[in-house]
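Trainee: okay, sequence plus prediction incoming.
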Amino acid sequence: MLPTTWLRYTYLYSAHFPFLIVLLWPSERQIVVGICAMTKKSKSKPMTQILERLCKFDYIDVVIFPEEVILEEPVEKWPLCDCLISFHSKGFPLDKAVEYAKLRNPLLINDLNMQYFIQDRREVYRILQEEGIDLPRYAVLNRDPDNPEECNLVEGEDQVEVNGEVFHKPFVEKPVCAEDHNVYIYYPTSAGGGSQRLFRKIGSRSSVYSPESSVRKTGSYIYEEFMPTDGTDVKVYTVGPDYAHAEARKSPALDGKVERDSEGKEIRYPVMLTAMEKLVARKVCLAFKQTVCGFDLLRANGHSFVCDVNGFSFVKNSMKYYDDCAKVLGNMVMRELAPQLHIPWSIPMEAEDIPIVPTTSGTMMELRCVIAIIRHGDRTPKQKMKMEVRHPLFFELFEKYGGYKTGKLKLKKPKQLQEVLDIARLLLVELGQHTDCEIEEKKSKLEQLKTVLEMYGHFSGINRKVQLTYLRNGKPKASNSKKDGPSLLLVLKWGGELTPAGRVQAEELGRAFRCMYPGGQGDYAGFPGCGLLRLHSTYRHDLKIYASDEGRVQMTAAAFAKGLLALEGELTPILVQMVKSANMNGLLDSDSDSLTDCQQKVKARLHEIMQKDQDFTEQDYQKLAPTGSPSLVNSMKVIENPVKTCDKVYALIQSLTSQIRKRLEDPKSADLQLYHSETLELMLQRWSKLERDFRMKNGRYDISKIPDIYDCIKYDLQHNASLDLEDTRELFRLSRALADIVIPQEYGINRAEKLDIAQAYCVPLMKKIQLDLQRTHEDEAVNKLHPLYSRGVMSPGRHVRTRLYFTSESHVHSLLSIFRYGGLLNEEKDQQWKQAMDYLSAVTELNYMTQIVIMLYEDNNKDPSSEERFHVELHFSPGVKGCEDEETIPLGFGFRPASSENEDKKPNQGSLEDLSQDEPDQALQVSDPINIQRRSPMIRNRKTGSMEVPDCQSSFYSSLPALPLIPSEPSDVPHVTQLLEWLPAETALLGFAPVAVDGAMAHHLRHCPYHFRLFKTELVSSQELPESHYGFEGCSMVPSIYPLETLHNSLSLKQVDEFLNSVCESNSEVQAKTMKALSGLFASQSQISLYSPQQPLSSSGSEASLRPPGQPLWRKCNDFHGIISVLTCFHCTKCFSRE
């Protein structure tokens, strides 16, 4: 018996044997989809991928017309079909295809007659103009002897006049024939003249420069204004009027070099379309009657212009697009033809079309808004050096970049860091030549400054920065100080880079996060989270991602976006295109070196208590833990005597540095490479600095170094455990106990202090969250289709707004403090809130990838003015599991827990814990009141070292059997048999080359879905395993992330809004900071991040750079306000709703 796919994916090699196909078809009536195109197109990878998916529809057969039949046979002998996908390309007989369509009258996916117009750029522009779609200003030069009036061309040195229309250089010259890709761009003499000549890609070239400045004198052309696009073109691909996929690529006009990845494919960046661009995509699709249609967008001067329509085009190398395209086309065919052919098929009601889910309060509501505040992923230890500088060169630099305006300056750009390095080099040379010269800067500090800035051989704002703060009277000095007067405090920061493990954590969390969105679980493609992807691609997802200016935070945001939206490729283009990080002005950034009065007092009290050389007394417990937090009390019990504990920690650090020195002396391990390319020497430098700084000259301990010690030992215990250094576990235990006191209490000891410090950090963010919630249900144009163009779209006026804020530990601590101590709910009156507060008090650490998630639902059955119309849920996860969290972490109550009646009957709808089920959303209404109960700890897999974050790309990981652990020691024994047992049964049918894997590799794969997914892909595709797998680089046994826990699930929007109002309107200083943050955010229209490309170090003095322009506090309101101050228009709904 032939395989099923042969029945439904059949090539007709001859039109003379149609009966053969009939015999192969199943007995019931099938819908035959014919593919009529040149072989190069019909057998291309995108077409093959889509047709394979299309065949999964039960009643659809695909028949590809052979090229020899198309070219040589009359249309009467062409195969019969019910639906025709046919499109023109070089050599294709479009006339015959039109004739066939008239003869057989199939359903046309792409109209054939309109394809004649697409071949003529004049007709394309005419149709676009009639549809009201923005075009570059253009004129047509027709060299037609019969119409000489259309051929008036006057050429000047830097301009041409075409039929009375003047175009100044630079301008574009396009042949009127769309098949002619020889487009020229002419440059003005002030820029050197000449022209850039574009052509269809040949190898890695798409254009060349020519010194020729004169326009072509033969042929007909369109002349149009050149649009400045910053070197990027946007390619848009529609599948019907309600779906579009967009990618950006480097403009061929830039330098003609085609950017290609390691596999030789042209690099394309993911792009989010604006509301107007989505409307344009719909218009283009309908105007040209091309269901599958590609066109080009130019983004320039704040507007988008269509410059070309290509007709039938597919996205290359996007599995998500292949899934979506096949699904849209299959449903379209079935919807049109199933009723005519009496096929028992009903139109599927897509769950993702209207994201309706059962809420835990017992009603069915529509998800409207998701807001998440997320800490960055795993990073290398942060390092810092402070020095006071007085040399005039530093003051000149401070003035050059506008430091006197605010008294502070942050230098991150390559040119700026190069200038600091040049000054350090110059001063060290002077110190070497003249020992009596008046240079007050310490030589050792200058050498360290030079060494750090010279690391890596290139500059990037991602991994280093210098901060300068003006001190009017200098730092307080000893009585024998030589000089008083102003000085600058220079703070050099390095390290703190996102590790490969951090990237994996963020990407996996993004993949899991999409599963909170309803819909898609029943999709034939078979992976959860498809609902969000469909929602995002079908215009109903309003997504914006914000990140602070820290490199680790930005890269975390990019990795999360990659997982969330199933993107492919490197993180840098995702970061550049999708993460907003410029001009945050305090929204997500904080100046940790500039403390409020309250923070300074808190730190002083904390230092005083932690310097007592005695056991903690009852009075100390009341002073240090007035809130009675269990995690704090437990840590104090572990410490007992803070000074003696610090003595132990100091002794353990000395022991550690001694062990590292011995390893360095051993020739076998001197060149040992540690995690993330660190060396033993760098590791020793890091610990030696902590050893020097922790114990001060007066014998007391610097408590502010405790977080750094904990960071370092946590990093080494997780990533460098292979060194097997002695007493690291004890150092981790003690430093963690100290850190569990120092870190949270730095943000306030009692409730009032915690709230005061939290407001100083994150009131701008709270106000932005309030705007996000308020604007969601307002009538606005963002991400909605115009009513005139929304026919056939279920809930076209609806969208889900997602706002993701990636930030650092300080903002997460502060935001949680505001929710806990700001008076959102009364613990005495609300049992659920009391349980949530008890849970939060027991959480010891807000680790990497900590999440605070707010979800807003709407009940369309309630009156719009009713308080019950909108429903808010608050969720929390403490992030990544720590090294020894097996028994200490408290259990929450689950994600969106159901009522007690249904709790035992089925898993929670939307829970991240049950993503292996591939079932449609068929939740019943929950009518009982909420009864939150503590869950059994057996529900949760608490295995450290395993990635618990669900993998939404494939569900087979969740079905792995519980196998006995394979010994972790490397051995020569192959473990292929055991590895194959883990793979699903169906992969055994595919066949693959045998491969031997040692014990360590097998053990790692058993516990790491990230590498196991890569291993499975390479095994099935018969690829050789890359050597990188054996180093486990990028993984290092990536710790799992705790699932979200619901803190409260029955808040009203009014409650939350009033709470945010009360928090945000406390004092004028915070209000001013909020206004500054929001005005800076909305004044900037750019979505480009602060990512700085690598720049080689300069060995000589740096060039003078221009002063960066100030950000205006003025912008044009989108509605009726005209040019106004952002501060004046603060409450204008339309201005802020788009952000």
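Mentor: Done, it's in.

Trainee: got the buried residues for stretch 46-65?
Mentor: 46-47, 49-51, 53-55, 57, 59-65 (16 or more other C-beta atoms under 10 Å). Where you see a C-beta, it was placed from the backbone N, CA and C, and this is true even at glycine.

Trainee: most widely separated two among those residues?
Mentor: 46 and 59 (23.6 Å; C-beta to C-beta).

Trainee: helix, strand, or coil at residue 892?
Mentor: Of the three states, residue 892 takes coil according to DSSP: H, G, I helix; E, B strand; the rest coil.

Trainee: what is the neighbour count of the closest residue to it other than its chain neighbours?
Mentor: Closest residue in space to residue 892, ignoring its immediate chain neighbours: residue 1045 at 3.0 Å, by C-beta to C-beta, 6 or more residues apart in numbering. Neighbourhood size, residue 1045 [other C-beta atoms under 10 Å]: 21.

Trainee: surely residue 1045 touches residue 877?
Mentor: Yes. Shown here, residue 1045 and residue 877 form a contact pair, counting by C-beta atoms under 8 Å, at 6.5 Å.

Trainee: which residues in the stretch 151-300 of the chain form helices?
Mentor: Remark: helices assigned in the stretch 151-300 of the chain by DSSP state H, counting those that start in this stretch are 275-287.

Trainee: show me the shaky parts of it.
Mentor: 190-191, 230-232, 250-266, 269-270 (pLDDT under 70).

Trainee: and with 80 instead?
Mentor: In the predicted model, the stretch 151-300 of the chain carries pLDDT under 80 at residues 189-193, 201-204, 206, 228-233, 248-272.

Trainee: Provide a list of residues in contact with residue 630.
Mentor: Shown in contact with residue 630 (C-beta atoms under 8 Å, 6 or more residues apart in numbering): 841-842.

Trainee: any idea how far it is from residue 840?
Mentor: Counting by C-beta to C-beta, to the nearest Å, the separation of residue 630 from residue 840 is 10 Å.

Trainee: also residue 833?
Mentor: For residue 833, the distance to residue 840 - C-beta to C-beta - is 10 Å.

Trainee: list residues touching both of these two?
Mentor: With C-beta under 8 Å, 6+ apart, residue 833 and residue 840 have common neighbours residue 1047.

Trainee: can you map out the helices along the stretch 1-150 of the chain?
Mentor: Counting by DSSP H, counting those that start in this stretch, the helices of the stretch 1-150 of the chain are 4-8, 18-24, 39-42, 45-54, 67-72, 94-104, 114-118, 121-130.

Trainee: whoops, the stretch 451-600 of the chain was the one
Mentor: Going by DSSP H, counting those that start in this stretch, the stretch 451-600 of the chain shows helices at 500-513, 530-537, 551-564, 571-578, 597-610.

Trainee: lowest confidence element among the helices and strands of the chain?
Mentor: Least confident helix or strand, the chain: strand 1123-1125 with a mean of 28, by mean pLDDT, DSSP states H and E.

Trainee: can you give me the strands in the stretch 651-800 of the chain?
Mentor: Taking DSSP state E, counting those that start in this stretch, the strands of the stretch 651-800 of the chain run over residues 800-807.

Trainee: which stretches of it have low pLDDT?
Mentor: 669-673, 775-799.

Trainee: switch the cut-off to 50
Mentor: For the stretch 651-800 of the chain, the stretches with pLDDT under 50 are 779-797.

Trainee: how about the stretch 451-600 of the chain?
Mentor: Within the stretch 451-600 of the chain, the stretches with pLDDT under 50 are 478-481, 520-527.

Trainee: cutoff 70 now
Mentor: Using pLDDT under 70, the stretch 451-600 of the chain drops low at 456-462, 474-484, 519-531, 533-540, 568-569, 572-573, 576-577, 582-586, 590-596.

Trainee: on that earlier part again, okay, the helices of the stretch 451-600 of the chain in CSV with distance to residue 143 and mean neighbour count next?
Mentor: CSV is the format used below for those (distance: least, C-beta to C-beta, whole Å; neighbours: other C-beta atoms under 10 Å):
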stretch, distance to residue 143, mean neighbour count
helix 500-513, 55, 25
helix 530-537, 43, 26
helix 551-564, 49, 28
helix 571-578, 41, 22
helix 597-610, 75, 16
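
Trainee: make JSON lines out of those helices and add distance to residue 344.
Mentor: Shown next, in JSON lines, are those (distance: least, C-beta to C-beta, whole Å):
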{"stretch": "helix 500-513", "distance to residue 344": "36"}
{"stretch": "helix 530-537", "distance to residue 344": "25"}
{"stretch": "helix 551-564", "distance to residue 344": "37"}
{"stretch": "helix 571-578", "distance to residue 344": "43"}
{"stretch": "helix 597-610", "distance to residue 344": "70"}
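
Trainee: looking at those, spot the one closest to residue 744.
Mentor: Nearest of the helices of the stretch 451-600 of the chain (C-beta to C-beta): helix 597-610, 10.6 Å.

Trainee: how about the helices of the stretch 1-150 of the chain, which one is nearest residue 364?
Mentor: helix 45-54 (31.3 Å).

Trainee: which neighbouring elements make contact with the closest one?
Mentor: Judged by 3 or more C-beta pairs under 8 Å, 6 or more residues apart in numbering; DSSP states H and E, the packing partners of helix 45-54 are strand 31-36, strand 60-64, helix 319-337.

Trainee: next, the angle from it to strand 60-64.
Mentor: Inter-element angle recorded for helix 45-54 and strand 60-64: 150 degrees (by axes from the mean of the first three to the mean of the last three C-alpha atoms, to 10 degrees).

Trainee: all strands for the stretch 301-450 of the chain, in order.
Mentor: 303-311, 356-358, 364-375, 382-389, 408-411.

Trainee: residue 745 against residue 603, yeah?
Mentor: No. Contact between residue 745 and residue 603 fails when scored by C-beta under 8 Å: they sit 9.1 Å apart.

Trainee: what angle separates the helix or strand hosting residue 819 from strand 364-375?
Mentor: Using DSSP states H and E, the element containing residue 819 is helix 809-821. Relative orientation of helix 809-821 versus strand 364-375 (the same axes, to 10 degrees): 130 degrees.

Trainee: state the mean pLDDT of helix 809-821.
Mentor: The average of the pLDDT scores along helix 809-821 is 93.

Trainee: what's the answer for stretch 132-142, then?
Mentor: On average, stretch 132-142 scores 93.

Trainee: what's the first-to-last distance across it?
Mentor: 24 Å (C-alpha to C-alpha, to the nearest Å).

Trainee: list the buried residues in it.
Mentor: By neighbour count on 16+ other C-beta under 10 Å, the buried set for stretch 132-142 is 133, 136, 138-142.

Trainee: closest one of these to residue 749?
Mentor: residue 133 (61.0 Å).

Trainee: residues in contact with the closest one?
Mentor: Here residue 133 is in contact with 280, 283-284, 287, 306 (C-beta under 8 Å, 6+ apart).

Trainee: and which of those residues is nearest residue 237?
Mentor: residue 284 (10.8 Å).

Trainee: for that closest one, give me its contacts.
Mentor: Taking C-beta under 8 Å, 6+ apart, one finds 128, 131, 133, 236, 238, 293, 295, 306, 309 in contact with residue 284.

Trainee: buried subset of those residues as a PyMOL selection?
Mentor: Buried residues within the contacts of residue 284, by 16+ other C-beta under 10 Å, are selected in PyMOL with:
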select buried, resi 128+133+236+238+293+295+306+309
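
Trainee: and the contacts of residue 284, which is closest to residue 671?
Mentor: Nearest member of the contacts of residue 284 to residue 671, counting by C-beta to C-beta, is residue 236, at 51.4 Å.

Trainee: surely the closest one and residue 283 touch.
Mentor: No. Contact status for residue 236 versus residue 283: not in contact, 11.5 Å apart, counting by C-beta under 8 Å.

Trainee: what sits in contact with each of the two?
Mentor: Shared contacts of residue 236 and residue 283 (C-beta under 8 Å, 6+ apart): none.

Trainee: just to revisit the earlier point, to residue 684, which of the helices of the stretch 1-150 of the chain lies closest?
Mentor: Nearest to residue 684 among these is helix 45-54 (51.2 Å), distances taken as C-beta to C-beta.
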